[in-house]
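Trainee: Turn this into a model:
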Amino acid sequence: MKSTLSFTLSFFLLFITNFLPLAFSVPHEKVLDSNGFPISSSGEYYIKQLNPQAPSGGGVELDFDGNSECQVAVRQNYNQSFSGQYLKFNTQGSSSGAIFTETPLEITFVYEPYCASSSKWVVVGDSFPAKWVAIGDARDHPRKQMIAGTFKIQKDGEAYKFVFCTLNNTCSNIGRMDDHKGRRLVLADDPFNFALVTVA
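Mentor: Residues are numbered from 1 along each chain as shown. Coordinates of the predicted model:
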């Protein structure tokens with residue numbers, strides 16, 4: 001009797017720890033470009049806005065943040081015909097293979113300003129009303145708060161969106177906020193919906 005009860009409990013614990021979390025987890029699926037092909041870490045892509053209800057605009061680019069002498073702020077250009085600067089995506093710890101939704105990513109611009117330590121996306125906090133997306137590291141943002149976390153791509157209807165997840169796994173949408181030069185990418189309630197276009 002004891003052995004039967006022990007076996008039943010062991011089986012139940014195995015089920016709880018290994019299978020039940022899968023039932024409630026968010027499915028990972030390959031991120032597709034605007035033509036329906038999977039994107040990969042070897043490709044280069046630009047962003048095309050897909051939300052017709054949002055103010056129109058073009059792709060994302062690097063620009064000055066108003067305080068820095070280097071182009072470290074990530075913005076959406078106002079010009080709808082502007083494709084933007086090209087991006088690359090790497091799954092953290094891997095520089096090859098397909099890119100999946102809900103997977104921590106390193107996002108970088110192909111173009112890297114000579115004055116920046118890198119073109120890798122980060123999140124910064126300062127006197128701007130919202131925490132904003134930048135490139136580089138603490139050397140590029142003196143006296144500013146560097147927010148620890150990771151970026152992910154999530155499916156949002158027919159479009160995709162970026163989210164930024166802090167170390168306690170609290171995730172915020174990447175949206176936009178107007179500043180003196182354009183629409184800065186920021187942590188926001190309303191996401192910036194987009195499609196990814198493969199650079200030919």
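
Trainee: What about Arg183, how many residues nearby?
Mentor: Residues near Arg183, counting by other CB atoms under 10 Å, number 20. Quick note: C-beta positions are derived from backbone N, CA and C, even for glycine.

Trainee: pLDDT value on it, please?
Mentor: Note on Arg183: pLDDT of 91.

Trainee: ok, now Ala54?
Mentor: Turning to Ala54, the model gives it a pLDDT of 70.

Trainee: same check, this time on the one 4 residues further on
Mentor: The predicted local distance difference test score for Gly58 is 91.

Trainee: what about it, which SS state?
Mentor: Following DSSP: H, G, I helix; E, B strand; the rest coil, the label given to Gly58 is coil.

Trainee: Let me see the contact set for it.
Mentor: 49, 76-84 (CB atoms under 8 Å, 6 or more residues apart in numbering).

Trainee: Glu44 versus the residue nearest to Asp137 when sequence neighbours are not counted, what's the distance?
Mentor: Distances taken as CB to CB, 6 or more residues apart in numbering put Ser117 closest to Asp137, at 5.2 Å, once the chain neighbours are dropped. Separation of Ser117 from Glu44 (CB to CB, to the nearest Å): 21 Å.

Trainee: re the thing from before, restricted to buried residues, select the contacts of Gly58 in ChimeraX.
Mentor: Listed next is the ChimeraX selection for buried residues among the contacts of Gly58, using 16 or more other CB atoms under 10 Å:
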select :49,76,77,83,84
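
Trainee: So which of the contacts of Gly58 is the closest to Arg184?
Mentor: Taking CB to CB as the measure, Arg184 lies nearest Gln76 of those, at 8.2 Å.

Trainee: so where do the strands sit in the chain?
Mentor: Taking DSSP state E, the strands of the chain run over residues 45-49, 60-63, 73-76, 87-91, 105-109, 121-125, 132-135, 145-147, 149-156, 159-166, 171-178, 183-188, 194-198.

Trainee: Same list (those) but as a markdown table, adding distance to Ser34.
Mentor: As requested, these are arranged in a markdown table below (distance: least, CB to CB, whole Å):
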| stretch | distance to Ser34 |
| --- | --- |
| strand 45-49 | 7 |
| strand 60-63 | 15 |
| strand 73-76 | 17 |
| strand 87-91 | 14 |
| strand 105-109 | 18 |
| strand 121-125 | 21 |
| strand 132-135 | 22 |
| strand 145-147 | 30 |
| strand 149-156 | 14 |
| strand 159-166 | 10 |
| strand 171-178 | 19 |
| strand 183-188 | 20 |
| strand 194-198 | 5 |
